[in-house]
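[1] Provided below for reference: sequence and predicted model.
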Amino acid sequence: MNISAHPTAPAETVSLPDAQNVVTTRHKAVELQQAAVVFGTGDKAVTALSPTKLILDKGDFVALVGPSGCGKSTILRLVTSLIKPSSGAVLVGGRDASIRHLRMGMAFQNPTMLPWLTIEQNVMMPLKIVKPFKSTFRQDRKGAFRDRVHALLGQVGLRDFAGHFPWQLSGGMLQRANLCRALVHDPDLLLLDEPFGALDQFTREELWQILQDLYLDRKPTVLLVTHDLREAGFLAQRICVMSARPGRIISDEVVPLPQPRAIDTIYTPEFVEMTQNLRALIAQVRQ
Ligand SMILES: Nc1ncnc2c1ncn2[C@@H]1O[C@H](COP(=O)(O)OP(=O)(O)OP(=O)(O)O)[C@@H](O)[C@H]1O
């Protein structure tokens with residue numbers, strides 16, 4: 001299966017008086033404009049990311065793959081504005097990432113649930129702290145918000161576990177709850193860093209399908225960091241491959257498969273060929 005290069009749209013430049021002196025492209029959910037990251041200074045300086053360009057349109061599902069240490073998580077940290085680029089710019093929804101005007105959901109490899117709260121209370125947490133939900137939390141937590149949480153838990157097969165505590169759930173169940181928590185506040189942008197890395201293959205495939213359903217239902221913009229090329233190929237519409245540290249994106253290709261995809265797709269010769277090509281490219285850049 002040949003995956004085709006993603007055509008990068010020509011930049012439409014507008015000036016933004018309130019978002020620093022940057023050039024932006026309208027209607028892009030995420031834009032890295034030659035963003036680079038250097039940690040430390042002098043002899044101790046570590047370049048974590050070479051100048052990198054990456055564009056996600058609203059509703060895109062993009063996977064970032066590449067050798068260990070190439071800067072994948074650094075890109076997520078830039079988008080969440082946990083760190084600032086040393087040069088270049090990072091825009092989210094057309095404005096500097098630090099402005100944080102879009103709602104974000106996040107899920108990482110090890111779900112951090114609060115052990116003294118039930119699954120329902122953990123999943124509901126973003127509604128307590130994120131605008132505009134937090135203003136009506138007291139009124140809605142036992143009504144509309146509870147219904148919202150229960151509907152999501154039902155969608156991932158956890159309807160009967162709302163009242164359980166995190167320590168009463170398996171790793172796969174916890175990760176399902178984690179996805180619910182990442183999506184409960186209808187984020188515009190969903191950032192996933194190896195969310196299924198710690199799970200066995202069967203549970204992982206089950207969760208790929210659950211994530212695909214949740215994504216197609218809501219269509220947030222998704223940036224997924226993964227080492228699993230099948231995961232990238234099954235879930236993403238585009239796969240960006242990074243070079244070894246200090247990484248940059250060396251390939252940005254469209255996965256030519258309509259969605260929704262059935263899990264059997266990953267065992268077809270075309271899909272296997274696609275992942276082998278990606279694997280060969282990563283093996284080449286690791287050296
Ligand atoms: N705070 C920091 N200070 C110094 N170096 C850092 C810091 N954070 C990350 N790095 C370095 O930057 C590089 C990129 O890190 P990053 O975590 O983005 O890689 P990654 O591609 O996500 O790796 P992996 O696939 O192994 O999780 C690594 O070499 C890492 O050691």
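    Thanks, I have the structure now. Numbering: from 1, shown residues only.

[2] Identify the residues contacting the strand or helix carrying E206?
    When elements are assigned from DSSP states H and E, E206 belongs to helix 201-218. Helix 201-218 has contacts (CB atoms under 8 Å, 6 or more residues apart in numbering) with 61, 155-157, 171-172, 175-176, 179, 183, 186, 190, 195-196, 199, 222, 228, 231, 234-235, 259-261, 263, 266. In this view, the C-beta of every residue, glycine as well, is placed from N, C-alpha and C.

[3] Same question for it: list its buried residues.
    203-208, 210-212, 214-215 (16 or more other CB atoms under 10 Å).

[4] between the residues you listed, which is closest to the ligand?
    Set against the ligand, the nearest of those by CB to the nearest ligand atom is R204 (16.9 Å).

[5] ok, the closest one to H185 distance?
    25 Å (CB to CB, to the nearest Å).

[6] can you check S243 too?
    Applying CB to CB to S243 and H185 gives a distance of 35 Å.

[7] Skip ahead from the helix or strand of the chain with the lowest mean pLDDT and say which helix or strand is next.
    Least confident helix or strand of the chain, by mean pLDDT, DSSP states H and E, is strand 4-5 with a mean of 66. Going down the chain from strand 4-5, the next helix or strand is strand 28-39, by DSSP H and E.

[8] So what are the sheet partners of that next one and their directions?
    Next to strand 28-39 in the sheet, as set by DSSP bridges, lie strand 46-57 (antiparallel), strand 87-92 (antiparallel).

[9] With distance to the ligand and mean neighbour count as extra columns, can I get those in TSV?
    Compiled in TSV, the strands paired with strand 28-39 are given as follows (distance: least, CB to the nearest ligand atom, whole Å; neighbours: other CB atoms under 10 Å):
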stretch	distance to the ligand	mean neighbour count
strand 46-57	3	19
strand 87-92	14	20
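
[10] For these, give me CSV that also has distance to R279 and mean pLDDT.
    Shown next, in CSV, are the strands paired with strand 28-39 (distance: least, CB to CB, whole Å; pLDDT from 0 to 100):
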stretch, distance to R279, mean pLDDT
strand 46-57, 21, 95
strand 87-92, 29, 96
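
[11] JSON lines please, covering these and showing distance to N122.
    Listed next are those as JSON lines, based on distance: least, CB to CB, whole Å:
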{"stretch": "strand 46-57", "distance to N122": "28"}
{"stretch": "strand 87-92", "distance to N122": "26"}
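
[12] Settle this for me: S81 is touching L91, isn't it.
    No - checked against CB atoms under 8 Å, the pair S81 and L91 is beyond contact range at 10.8 Å.

[13] list the residues that contact both of the two?
    Common neighbours of S81 and L91 (CB under 8 Å, 6+ apart) are A97.

[14] Give the buried residues for stretch 119-138.
    Buried, per 16+ other CB under 10 Å, within stretch 119-138: 119-127, 130, 133.

[15] Convert it to CSV, retaining C-alpha atoms only.
    As requested, C-alpha coordinates have been extracted for stretch 119-138 and formatted as CSV (Å, rounded to 0.1, in the frame of the first residue of the first chain):
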residue,chain,number,x,y,z
ILE,A,119,-14.4,6.2,38.4
GLU,A,120,-17.4,8.4,37.9
GLN,A,121,-15.9,11.1,40.0
ASN,A,122,-12.5,10.8,38.3
VAL,A,123,-14.0,11.0,34.8
MET,A,124,-16.1,14.0,35.9
MET,A,125,-13.1,15.9,37.1
PRO,A,126,-12.5,18.0,34.0
LEU,A,127,-16.1,19.3,34.2
LYS,A,128,-15.2,20.7,37.7
ILE,A,129,-12.2,22.6,36.5
VAL,A,130,-12.7,23.5,32.8
LYS,A,131,-14.7,26.4,31.4
PRO,A,132,-17.6,26.6,30.7
PHE,A,133,-18.6,23.5,32.6
LYS,A,134,-17.1,24.6,36.0
SER,A,135,-19.6,27.4,36.4
THR,A,136,-22.6,25.0,36.6
PHE,A,137,-20.7,22.1,38.2
ARG,A,138,-22.6,22.3,41.5
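
[16] Who does V92 form a beta bridge with?
    Going by DSSP bridges, V92 forms beta bridges with V30, R95.

[17] what residues are up against it?
    Here V92 is in contact with 29-31, 79, 81, 99-102, 189 (CB under 8 Å, 6+ apart).
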